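Q: Coordinates for the following, if possible.
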Amino acid sequence: MSGSGGVDGVRERPGCVIGIALGLLILGSTIAWITLPKTEARDGAQLMAAWFGAQAVPPGYTIEDARKLMGGEEVVKLLDGEAGAERELLALEPAGPDSGKQPIAWERIEVGAGDTRPRWLMFVRYPDDSGKSQVSRLFAADLLPGRIQDIGPQGGRMLLETGTLKWGERDAAYVLEREFERGGTFRDIVRVNLASEADPLILHASWGRSLPFSKARLEAVIETLE
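A: Predicted coordinates for the structure are as follows:
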């Protein structure tokens, strides 16, 4: 996949959005923990070891939860144990001719330090019978440029960039989305294709509020995975 950046970013075709909806449901707007019905608890360390080897949890991260969902997906959520308190979600102030308040200029919102690692990591292994199709949908090639002007006053999600990350001897495709939050903050969410023939596996990484995606820091994290 080829990379693209800039403020305008990229957004997905409506058909593609529907196609990848199942994969994105596990994220929510802030990659908070799963809102779908859960079936049974799993041993997160055991799953990570099965997927990546004995020393699978990236240094500094801790396993928060591990579950098998009703759809058969196995999910392990990790938190950066060194991350501090999150920035608060800003209150949405009314804007318009009667309020004296200007609408949020999304292209000029505050952006925090650009060299931070993800706050959350979420590994999702899809069932064997649907894994290949899910991976194909999550990393579909039919991505179209979007405009930040399309983001309304309540916020919304926009696909900003696609590209590849170095992971050992292979290039792992990634898709970067930005969730514009009410009040003028945002959250960057990246999905990375770690799938192999044996494991249809996707990583979802999310940064802290108003902290931008760092390709170098994410590469450093996945480099610890065998």
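Q: what's the first-to-last distance across stretch 45-65?
A: One end of stretch 45-65 to the other measures 10 Å (CA to CA, to the nearest Å).
Q: Repeat that for stretch 103-121.
A: The first and last residues of stretch 103-121 sit 33 Å apart, counting by CA to CA.
Q: List the neighbours of it that are in contact with it.
A: For stretch 103-121, the surrounding residues in contact (CB atoms under 8 Å, 6 or more residues apart in numbering) are 7, 31, 58, 60-61, 77-80, 83, 86-87, 95-96, 148, 151, 153, 180, 183-186, 190, 203-208, 210-212, 214, 216-218, 220-221. Bear in mind the C-beta positions are built from the backbone N, C-alpha and C, glycine included.
Q: at 7 Å what do you get?
A: 7, 31, 61, 77-80, 83, 95, 148, 151, 153, 180, 184, 186, 203, 205-208, 210-212, 214, 217-218, 221 (CB atoms under 7 Å, 6 or more residues apart in numbering).
Q: among the residues you listed, which are in strands?
A: Using DSSP state E, the subset of the contacts of stretch 103-121 located in strands is 61, 77, 78, 79, 80, 180, 186, 203, 205, 206.
Q: list the contacts for the fourth one?
A: Taking CB under 7 Å, 6+ apart as the definition of contact, the neighbours of residue 79 are 61, 62, 64, 120.
Q: nearest residue to it other than its sequence neighbours?
A: residue 64 (5.0 Å; CB to CB, 6 or more residues apart in numbering).
Q: if we can go back for a sec, going by neighbour count, which of the contacts of stretch 103-121 are buried?
A: 31, 61, 77-80, 83, 148, 151, 180, 184, 186, 203, 205-208, 210-212, 214, 218, 221 (16 or more other CB atoms under 10 Å).
Q: that older thread, mean confidence for whichever helix or strand the residue nearest to residue 79 is part of?
A: Residue 64 belongs to strand 61-69 when elements are defined using DSSP states H and E. Averaged across strand 61-69, the pLDDT comes to 94.
Q: What of stretch 185-205?
A: 95.
Q: next one: stretch 216-226
A: Mean pLDDT, stretch 216-226: 94.
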